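Trainee: With the sequence up front, the predicted model follows.
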Amino acid sequence: MSLREFLDVLHKEGDLASFSTEIDPKYEIASVIRRSCDEDGPAIEVFPGEGYCTSVVVGSVYGAKRRILRILDPTYGDYFFDKPDVKAVERYVKCADIKEGEPLKAYSETFSFSTDPPCQEIVKEGNSVDLYKLPICTHNEKDVGPFITAGVNVVKWIDGVTHGLGIHRMHVVNRNHLSCLAPPNRRVGFPHYEASKKGEGIKMAVVIGAPPEVVLASQAKVNFRTEKYNVASNLRGKNIYLTKCLTSDIMVPIESELVLECTSIPDSFHDDTPFAEYPGTYSVRSNAWVCKVDAITYRRDFMYQTILTGKTPQEDSNLCAFPYAAEVYKQASHVVEKVTDISAFIGNNVFDTLLCVKKNSNEEIENLMHILLGNRYLKSVAIMDDDMKADEESWRFCFNTRYQPNRDTIITNLGLGASLDPSSPLFQSTSKIAMDLTIPTGKTYADKMYNEMRHKVATTHPDIEVLVNWEEKVCEIINRIKED
């Protein structure tokens, strides 16, 4: 399903708001998206004003958990709405289970190639390329300028075959140049830095308004030689149609709204800071490189999409939620009998994780804590029993009734951490904490039964049901108060 088809679904569900008044791409559009994200509101369509080659900017498409869940449902329905996050995480894990080196299924039933792609209805090349004609947004107060934040960067891996997909911020340098903050340890950045050693650039496509499955697949934590377009196909459950770029052999989805075809400049450097990132703070150092935009192709009536970054809640961290939770799920599943729940949406959805597991021994949990603390991005881990849910309420209950800090805590010294953590004393380093919030396993059956009863959640009797019309009762009380 294309982005516009997804928006049609949201419109029918009352989850899309359209604004006909002019809203400026500099700060104003981001402010509307911020309001929507803060209030768990709808996706938005706005008019950016005259002078641009499109009259529609869409945002907050990924600003609410329910919309991410729709993408994980092949029917774009509400299948996952009333289920714990672990069910959606399990589907993402299954879809991302692609063998390393598995080629793009170009000539099988899984993929089809188009010779008349909608994303190339209009073509601008050479001197016709003008990024200032696009309503590229400036999102946050201290951002250095306008950034493309919803572009899926597509490059060829160094094998010349596998497509590397990712989303990296791109600052507008001038009318036909962009910076790209893709470091050498990322699948988009590595080929550029390898080519730079030979004094060469690489070809890159920037897909804006990509199909939602492609956007979600771009965040998959898989091996660099894993074809992410195959992940997107699995998420959709049917074909992702692709076509070649006009200036390279890179494949892009035909359903895309807009494609920038670029060539990276070897040994280039651009400082694109400050910029508000997913931790909710500004990054103040950068090693972005520069690329030249060779061509812009788009639909006749294309929509420009932007993604809000900055303080949570926002779209950037929401897109990271399920891919990061999937990585934790896979690691935990190798250690404990079963992962019964995991929170995909907590904190900034990157640094923290809550999970519930069925364990067989106390030692399993200690092993699991050490393993998860080795995850580069995780900063805090909390593990609970399978009678809990992976939510804040359960966390507070277990913290107060099942946890002793001096016994059930592991705190590490400096290790590999997220580069965007502003508290880090050294770049890409952090100390970490893991908490065992599970009931200790007794050595005997009697110990086990005693522990379970001692830590059991106290509730009213589950077999007793009292039917009360609460609304009628409240009205009765209010009327009595008025009479008095």
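Mentor: Perfect, thanks for sending it. Treat the numbers as computed from the prediction; the structure is a model and nothing was measured.
Trainee: pLDDT weak spots in the stretch 201-350 of the chain?
Mentor: 347-349 (pLDDT under 70).
Trainee: Which parts of it are helices?
Mentor: Using DSSP state H, counting those that start in this stretch, the helices found in the stretch 201-350 of the chain span residues 212-217, 228-236, 315-333.
Trainee: And for the stretch 351-484 of the chain?
Mentor: Going by DSSP H, counting those that start in this stretch, the stretch 351-484 of the chain shows helices at 362-373, 392-401, 445-454, 470-483.
Trainee: which stretch in those helices has the least confidence?
Mentor: Looking over the helices of the stretch 351-484 of the chain, mean pLDDT reaches its minimum on helix 445-454, with a mean of 65.
Trainee: hmm, back to that, of all the helices of the stretch 201-350 of the chain, which one comes closest to residue 145?
Mentor: Residue 145 lies closest to helix 315-333 among the helices of the stretch 201-350 of the chain, at 17.8 Å (CB to CB). (C-beta placed from N, C-alpha, C; glycine too.)
Trainee: pull the CA atoms of that closest one into CSV?
Mentor: This file holds the C-alpha atoms of helix 315-333, laid out as CSV (Å, rounded to 0.1, in the frame of the first residue of the first chain):
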residue,chain,number,x,y,z
GLU,A,315,7.6,10.2,15.0
ASP,A,316,11.3,9.5,14.9
SER,A,317,11.4,7.4,18.1
ASN,A,318,8.0,5.8,17.3
LEU,A,319,9.6,4.3,14.1
CYS,A,320,12.4,2.9,16.1
ALA,A,321,10.1,1.2,18.7
PHE,A,322,9.3,-2.1,17.1
PRO,A,323,12.7,-2.7,15.3
TYR,A,324,14.5,-2.1,18.6
ALA,A,325,12.0,-4.2,20.6
ALA,A,326,12.4,-7.0,18.0
GLU,A,327,16.2,-7.0,18.6
VAL,A,328,15.6,-7.3,22.4
TYR,A,329,13.0,-10.0,21.8
LYS,A,330,15.4,-12.1,19.7
GLN,A,331,18.2,-11.8,22.3
ALA,A,332,15.9,-12.7,25.2
SER,A,333,14.3,-15.7,23.4
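Trainee: thinking again about what came up before, in JSON lines, list the helices of the stretch 201-350 of the chain along with distance to residue 430.
Mentor: Converted to JSON lines, the helices of the stretch 201-350 of the chain look like this (distance: least, CB to CB, whole Å):
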{"stretch": "helix 212-217", "distance to residue 430": "27"}
{"stretch": "helix 228-236", "distance to residue 430": "28"}
{"stretch": "helix 315-333", "distance to residue 430": "16"}
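Trainee: Show me which residues of stretch 360-374 are buried.
Mentor: Neighbour counts over stretch 360-374 (16 or more other CB atoms under 10 Å) mark 364, 365, 366, 368, 369, 371, 372, 373 as buried.
Trainee: for the longest strand belonging to the chain, packing partners?
Mentor: With secondary structure taken from DSSP state E, the chain has its longest strand at strand 289-298. For strand 289-298, the elements it packs on are strand 122-125, strand 177-180, helix 189-196, strand 258-264, judged by 3 or more CB pairs under 8 Å, 6 or more residues apart in numbering; DSSP states H and E.
Trainee: again, 7 Å this time
Mentor: Judged by 3 or more CB pairs under 7 Å, 6 or more residues apart in numbering; DSSP states H and E, the packing partners of strand 289-298 are strand 122-125, strand 177-180, strand 258-264.
Trainee: so which of those gets nearest residue 39?
Mentor: For these, proximity to residue 39 was assessed by CB to CB; strand 258-264 is nearest, at 28.6 Å.
Trainee: List the buried residues in the closest one.
Mentor: Counting neighbours by 16+ other CB under 10 Å, the buried set in strand 258-264 is 258, 259, 260, 261, 262, 263, 264.
Trainee: end to end, how far does stretch 71-90 reach?
Mentor: 14 Å (CA to CA, to the nearest Å).
Trainee: try stretch 72-84
Mentor: Terminal residues of stretch 72-84 lie 13 Å apart, using CA to CA.
Trainee: How about the contacts made by residue 340?
Mentor: Contacts of residue 340 were listed using CB atoms under 7 Å, 6 or more residues apart in numbering, and they are 86, 356, 357, 358, 386.
Trainee: Sketch out the low-pLDDT regions of the stretch 1-150 of the chain for me.
Mentor: 105-115.
Trainee: quick one on the thing from earlier: which of the helices of the stretch 201-350 of the chain sits most buried?
Mentor: Of all the helices of the stretch 201-350 of the chain, helix 212-217 has the most neighbours on average by mean count of other CB atoms under 10 Å, namely a mean of 26.
Trainee: what helices or strands is that one leaning on?
Mentor: Against helix 212-217 (3+ CB pairs under 7 Å, 6+ apart) you get helix 65-72, helix 228-236.
Trainee: Turn those into a markdown table, including distance to residue 183.
Mentor: Compiled in a markdown table, the helices and strands packed on helix 212-217 are given as follows (distance: least, CB to CB, whole Å):
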| stretch | distance to residue 183 |
| --- | --- |
| helix 65-72 | 26 |
| helix 228-236 | 18 |
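Trainee: rewinding a little: looking at the buried residues of strand 258-264, which one is closest to residue 472?
Mentor: Closest to residue 472, out of all of the buried residues of strand 258-264 and judged by CB to CB, is residue 258, at 55.5 Å.
Trainee: That closest one and residue 205 touch, don't they?
Mentor: No - contact criterion CB atoms under 7 Å: residue 258 and residue 205 do not qualify, at 10.6 Å.
Trainee: Identify the bridge partners of the closest residue to residue 20 other than its chain neighbours.
Mentor: Once flanking residues are discounted, residue 20 sits nearest to residue 47: 6.0 Å by CB to CB, 6 or more residues apart in numbering. When assigned by DSSP bridges, residue 47 has beta-bridge partners residue 22.
Trainee: How many residues are close by residue 47?
Mentor: For residue 47, the count of nearby residues is 18 (other CB atoms under 10 Å).
Trainee: who's in contact with it?
Mentor: Contacts of residue 47 by CB under 7 Å, 6+ apart are 19, 20, 21, 22, 23, 55.
Trainee: Relative to residue 417, how far out is the fourth one?
Mentor: Residue 22 sits 43 Å away from residue 417, going by CB to CB, to the nearest Å.
Trainee: now do the first one
Mentor: As judged by CB to CB, residue 19 and residue 417 stand 40 Å apart.
Trainee: what does residue 160 give?
Mentor: Counting by CB to CB, the gap from residue 160 to residue 417 is 33 Å.
Trainee: any idea how the chain splits into domains?
Mentor: 98-302, 315-454 (automatic domain parsing).
Trainee: Just name the most buried of those.
Mentor: Buried most deeply of these, by mean count of other CB under 10 Å, is domain 98-302, with a mean of 20.
Trainee: Report the distance from that domain to the chain centre.
Mentor: Taking CA atoms, centre = their mean, to the nearest Å, one finds the center of domain 98-302 at 16 Å from the center of the full chain.
Trainee: Bridged to residue 259, which residues?
Mentor: Bridge pairing for residue 259 - DSSP bridges - gives residue 207, residue 297.
Trainee: Hmm, it is touching residue 205, no?
Mentor: Yes - Residue 259 is in contact with residue 205 according to CB under 7 Å; the separation is 5.6 Å.
Trainee: wait, what's in contact with the residue nearest the centre of the chain?
Mentor: What sits nearest the mean C-alpha location of the chain, by CA atoms, centre = their mean, is residue 319, with 1.5 Å. When contacts are counted by CB under 7 Å, 6+ apart, residue 319 touches 62, 215, 216, 219.
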